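Colleague: sequence and predicted structure are below.
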Amino acid sequence: MIFTNPLGLYLLPLILVPFFLGMQQQNDYPSLTAVPQDGLSRAITWALRFAGSVAIGGLILGLSGIALREHKIERFGQGAHIVLLIDRSSSMNDTFAGRQPSGAEESKSAAAKRLLKDFVIKRKHDRFGVAEFSTAPIHVVPITDHKGIVLGAIDAIDRPGLAFTDVGRGLGMALSMIDEDVLPGSRAIVLVSDGVAVVGRRVQEALRTDFARRPVHLYFLYLRTEGSNSMFAAPPPGAEDTPQALPERHLNKFFESLRIPYHAYEVENADAVKAAIDDIGKLEQTPIVYTERIPQYDLSRWAYGVAALALALLLAAKLCARRIRFVPGGAHVH
Amino acid sequence: MRTLGIDFDRRAALLLAALALTIAAIIGFQLVRNQRIADVLAVIDITGSMNTRDMGNPRGSQSRLEAAKATLINFMQDVPCDSRLGLGVFTERISYLLFGPVEVCNNYDALEGAISGIDWRMAWEGDSYIAKGLYSAVDLASSLKSDLVFFTDGHEAPPLPYTGVPEFEGKPGAVKGLVVGVGGSEKTPIPKYDDEGHQIGVYSETDVPQDNRIGAPPPDAATREGYNPRNAPFGALPATGDEQLSSVKTAHLEDLARRTGLHYAELQHVSAIAPGLLSATEPRLLPVATNMSYVPALLALLSLLVLYALSLFEAGTLRNLRLPSFGPTSYSKGTTVYGA
């Protein structure tokens, strides 16, 4: 219970007024000892005092903006806590064919933006966080159930990016965001990138221990540009098979060696991105506790309503009241 | 007036009025007012000099970055709901958009988390071309159609070349807002961190570039000691200076604000940025429906109180003031008896 205008509560002592002052017109009467004790009359007197008090109190509570506080209810649903780890390197702003986006073809980041926004809107009970990486890992939005800010952050991903792609430290940032999230539920990282750089040995070891410490599902959405390396294909005999030559293939191998639930998607167009995102949606259906916000509920109308009922009672009493009239001769009539 | 034995006197009138007004309050009516809201993109400088601890109360308890973040969180509390806030960071020479403006009240804790999450470790380069960063922040705000608040200490690294501040190519005043100078006026050492993020002392004179030796040498270079047009165009001596110490560069920031048509505010002198921002920007008005049902409710309360007060003035005063009778005593004087 809260009051949106608590200053009005200073008026609350006024509810005592009906107990001290009468509402009815008063008539002189020689002596009340002549009137017999009457239980009904006394009950009505008290009822009218209470009615007056309730009317004043109801009006004051209404004025003070009495309301039920916004609160949260925990419910069970299907979903997960998902950190979107998004590549903001400048190559993301090219099309899947590796060209500048034209009217006919959208850029990889524009496609990712559109489809990720759909995903976030559709997943009602999930909590999302956003981290980005390029030359440095960037903390954008902590894991939250406020969809508006997550959508705002996804909206920004097709802005001009930076030069490099430091996926290792980006993953470190995503893991630290997961550590800060305390609510129970299944955790997932969705890594969206269009090509990565070598993850250094030391960063690999740090990630390996970090991933071993907590259960995290990892999804790697590789937006492959036409003609670039495939993540799955083994190189032809004689070609170099080193992390420097084929960083995506070796990153994939590294993720597979982590022994965590891991899915890799190599996509070459927007439809494939959509299929991959739908697949992630199907896989992330573990039971979670999510919070539902019950917005603040204004009770002032109810307070005014109670006051109106009490006033109606007072009015009825007033209309029933009769004046004592003295007529010559000593007898009185009603 | 008396009809059917009922007295329609002033008491009846007051009661009727109170009831009618209360019913009006239940039905309620709304007045649409224009409320002034803020729609602003905040860009925070996260370069190394922002780690200098010369802010807060007592002075030195907060780094400039912490002070800027705390100011922004306070700003969210100072603006009305429906205001919108976006966030970006600046380092090197561009401002990087984290997210466009989102509504403040509904996203409050997420916004607070996002602001708290800003860290100097997110900086991708050590350079700090403030002028270029501010110009790109103006571009960002212009594309988002929002106002701009740019938090920086104005410490250019490397120092500006002799040609001075690069020209602003946009239209000055097209984007309105504030440049907020963060930092103290005294020269303070800048903390230095190792790869793991542990502080390992402060920057020394030889750690930072003291002179901008990119581009053409200044015209007076020929008079410097050891000048050689090919081998030593800036002179042979290493540059000296106190670029390793940092203070808020008020004059430089005021100049930048003038070039871009923004206002300037210095965080060590103002406690909150909301008033400054509102005076620096065009009013953005949002029609907000305000519930006015308190007006009839207040009038109803007033008529009810007048009704009770009547008994004080009608026939004597103290005679009619009666205390509630709790015991089985006789009626106090003047009680009307019903049902007789």
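Modeller: Now that the structure is in, tell me what you want to look at.

Colleague: which residues in the stretch 201-340 of chain B form strands?
Modeller: Per DSSP state E, counting those that start in this stretch, the stretch 201-340 of chain B carries strands over the ranges B:245-246, B:263-266, B:284-291.

Colleague: same question, the stretch 51-200 of chain A
Modeller: A:66-68, A:71-79, A:81-87, A:127-133, A:137-144, A:187-193.

Colleague: with the stretch 201-334 of chain A instead?
Modeller: Secondary structure of the stretch 201-334 of chain A by DSSP E, counting those that start in this stretch: the strands cover A:217-223, A:262-267, A:286-294, A:297-298, A:325-326, A:332-333.

Colleague: could you say which of those strands is packed most deeply?
Modeller: Mean neighbour count (mean count of other CB atoms under 10 Å in any protein chain shown) peaks for strand A:217-223 among the strands of the stretch 201-334 of chain A, with a mean of 23. C-betas here are computed from N, CA, C, even on glycine.

Colleague: put the alpha carbons of that strand into PDB.
Modeller: Taking Å, rounded to 0.1, in the frame of the first residue of the first chain, the C-alpha atoms of strand A:217-223 are listed here in PDB:
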ATOM      1  CA  HIS A 217      25.100 -23.400 -23.000                       C
ATOM      2  CA  LEU A 218      27.000 -21.900 -25.900                       C
ATOM      3  CA  TYR A 219      25.600 -21.200 -29.400                       C
ATOM      4  CA  PHE A 220      28.000 -20.000 -32.000                       C
ATOM      5  CA  LEU A 221      26.200 -18.300 -34.900                       C
ATOM      6  CA  TYR A 222      28.900 -17.900 -37.600                       C
ATOM      7  CA  LEU A 223      27.700 -15.500 -40.300                       C
END
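
Colleague: and the angle for that strand with strand A:286-294?
Modeller: Counting by axes from the mean of the first three to the mean of the last three CA atoms, to 10 degrees, strand A:217-223 points 90 degrees away from the direction of strand A:286-294.

Colleague: how about residue 72, what does it touch?
Modeller: All of this refers to chain A. Contacts for residue A:72 were tallied using CB atoms under 8 Å, 6 or more residues apart in numbering or on different chains; they are A:291, A:292, A:293, A:294.

Colleague: wait, chain B
Modeller: Contacts for residue B:72 (CB under 8 Å, 6+ apart) come out as B:42, B:44, B:85, B:115, B:149, B:151.

Colleague: what of residue B:145?
Modeller: Contact analysis of residue B:145 by CB under 8 Å, 6+ apart lists residue B:39.

Colleague: picking that back up, closest one to residue B:62 among the strands of the stretch 51-200 of chain A?
Modeller: strand A:137-144 (19.7 Å; CB to CB).

Colleague: the strands of the stretch 51-200 of chain A: lowest mean pLDDT?
Modeller: Ranked by mean pLDDT, those end with strand A:71-79 at the bottom, a mean of 81.

Colleague: what count of nearby residues applies to the nearest residue to residue A:161 once chain neighbours are set aside?
Modeller: Nearest residue to residue A:161, sequence neighbours excluded (CB to CB, 6 or more residues apart in numbering or on different chains): residue A:88, at 3.9 Å. For residue A:88, the neighbour count with other CB atoms under 10 Å in any protein chain shown is 25.

Colleague: unless I'm mixing things up, residue A:88 is touching residue A:163, no?
Modeller: No - with contact defined as CB atoms under 8 Å, residue A:88 does not reach residue A:163; the gap is 10.2 Å.

Colleague: overlap in contacts of the two?
Modeller: Joint contacts of residue A:88 and residue A:163 (CB under 8 Å, 6+ apart) are residue A:134.

Colleague: center of chain B - which residue?
Modeller: Per CA atoms, centre = their mean, the C-alpha nearest to the average position across chain B is that of residue B:75, at 2.8 Å.
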